[in-house]
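K.L.:
what's the 3D shape of this:
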Amino acid sequence: MRPDHRLAIIVSHTHWDLEWYLPFHRFRVNMVEVIDRVLDALEQDPEFRHFVLDGQSAVLEDYLAAAPRQRERVGRHIRSGRLAVGPWYILPDEFLVSGEATVRNLLCGHRVVAPFGRAQKVGYMPDSFGHVAQIPQILQLAGIDSFIFTRGLGDEAEQLGWLFRWLAPDGSSVLAVNQCDGYCNAGGLGFAEIWHAHTRRTVDLGLATGKVRDLLEKMEQRPGAYPALLNNGCDHFPPQQEFGSVLQALREAFPGTRFRHGRFEDFLAAARADTPDEERPAHRGELLGGKDHLILSGVWSTRMYLKQENELVQGLLARTVEPLAALAHFHHGDTYPAGLIDDAWRNLASPPRGRPASSS
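P.N.:
Predicted coordinates:
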């Protein structure tokens, strides 16, 4: 790609651990404030065009339970495509749950968004601790042909670059996008410390352009540097402060690069316009490497009693409750308890309103 054709897509987002170093209810208080500010930014800042409400529709569900007055406002922005939600219900830790639980998680995520509009059709999994080989197959069956992630690549990352085709055992493939420096790579622009984004303080435009310069230089060390994906957010982050000024500063500091505020779908479309998927390098198998980001596999063995109970319940649902309910319906005319079963899968996915890794 010629230097004057370089493109950088800035995707504003927040990543929401439903519980983590604070309990669920404490985090939900913060959530209401953050999402209120997102809605204000979408309506008041002409440069602030899109926001990704993580890849988990449980965030939307929990926000509206605490702020039902915002239901129409949220729905309007989802329908217009300016607020992206889903496709998952919660961010799955794929090695801790069954394949059926992963599928139900995705179905539930779509179901929560459906009353408001279309779920985000991007396989956005920014902070899962490794990925099972069947994820491309599951995503394709849900009508999703992309996968955006941070953790999981090993030494193969040098040859694959930032964009590659990931193939499942059955041959299904998705365009995989590895987030250089992670899903927070352009979060908190203009602050000396990224966590200053949680506070009100002056934005230093020199710090903002310097951080993006370092990031672009790092991207250029591997194939697939452009279009560049700048993830403007991080854990529990509100929208970027002084966004319009930051965007203008980037355009002035990098005259050879076009900066656009957009969605993950916009980035994927630009990447495919630059290079068709079939011309990208291919990779098969699980993503369990830790070259750039640790997998944090210690969560797989903590609080084992919770994992054993989860295994028991998901087995009962898939292999006992649903088959017997179907048998009773088709052979005896009993009413199939679809709502109760769907609710059981939903509660199993997020019993304390936290993903397995956060709760472990």
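
K.L.:
pretty sure Leu91 contacts Gln56?
P.N.:
Yes - with contacts counted by CB atoms under 8 Å, Leu91 reaches Gln56, the gap being 5.5 Å. In short, each C-beta sits where N, CA and C put it, glycine included.

K.L.:
bridged to Gln56, which residues?
P.N.:
As for beta bridges, Gln56 partners with Trp88 under DSSP bridges.

K.L.:
ugh, wrong one, Val52
P.N.:
Beta-bridge partners, per DSSP bridges, of Val52: His13, Ala84.

K.L.:
what sits against Trp195?
P.N.:
Trp195 makes contact with Gly188 under the criterion CB atoms under 8 Å, 6 or more residues apart in numbering.

K.L.:
so how far is His236 from it?
P.N.:
Note on Trp195: its distance to His236, by CB to CB, to the nearest Å, is 10 Å.

K.L.:
how's this structure carved up into domains?
P.N.:
Split into domains by automatic domain parsing, the chain comes to 3-295, 298-359.

K.L.:
find the nearest non-adjacent residue to Met125, please.
P.N.:
Phe149 (5.1 Å; CB to CB, 6 or more residues apart in numbering).

K.L.:
help me confirm that the one you found comes into contact with Cys180.
P.N.:
No - here Phe149 lies out of contact with Cys180, judged by CB under 8 Å, at a distance of 11.6 Å.

K.L.:
kindly export the longest helix belonging to the chain (C-alpha atoms) in PDB.
P.N.:
Taking DSSP state H as the criterion, the chain has its longest helix at helix 24-44. Output of helix 24-44 as PDB, limited to C-alpha atoms (Å, rounded to 0.1, in the frame of the first residue of the first chain):
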ATOM      1  CA  PHE A  24     -21.300  -6.600  40.200                       C
ATOM      2  CA  HIS A  25     -23.400  -4.000  41.800                       C
ATOM      3  CA  ARG A  26     -20.500  -1.600  42.400                       C
ATOM      4  CA  PHE A  27     -19.500  -1.900  38.700                       C
ATOM      5  CA  ARG A  28     -23.100  -1.300  37.600                       C
ATOM      6  CA  VAL A  29     -23.200   2.100  39.300                       C
ATOM      7  CA  ASN A  30     -20.100   3.000  37.200                       C
ATOM      8  CA  MET A  31     -21.800   1.500  34.100                       C
ATOM      9  CA  VAL A  32     -24.800   3.800  34.300                       C
ATOM     10  CA  GLU A  33     -22.500   6.800  34.500                       C
ATOM     11  CA  VAL A  34     -20.300   5.600  31.600                       C
ATOM     12  CA  ILE A  35     -23.100   4.700  29.200                       C
ATOM     13  CA  ASP A  36     -25.000   7.900  30.000                       C
ATOM     14  CA  ARG A  37     -21.800   9.800  28.900                       C
ATOM     15  CA  VAL A  38     -21.600   7.600  25.700                       C
ATOM     16  CA  LEU A  39     -25.200   8.600  24.800                       C
ATOM     17  CA  ASP A  40     -24.400  12.300  25.400                       C
ATOM     18  CA  ALA A  41     -21.300  12.100  23.200                       C
ATOM     19  CA  LEU A  42     -23.200  10.400  20.400                       C
ATOM     20  CA  GLU A  43     -25.800  13.200  20.500                       C
ATOM     21  CA  GLN A  44     -23.700  16.300  21.300                       C
END
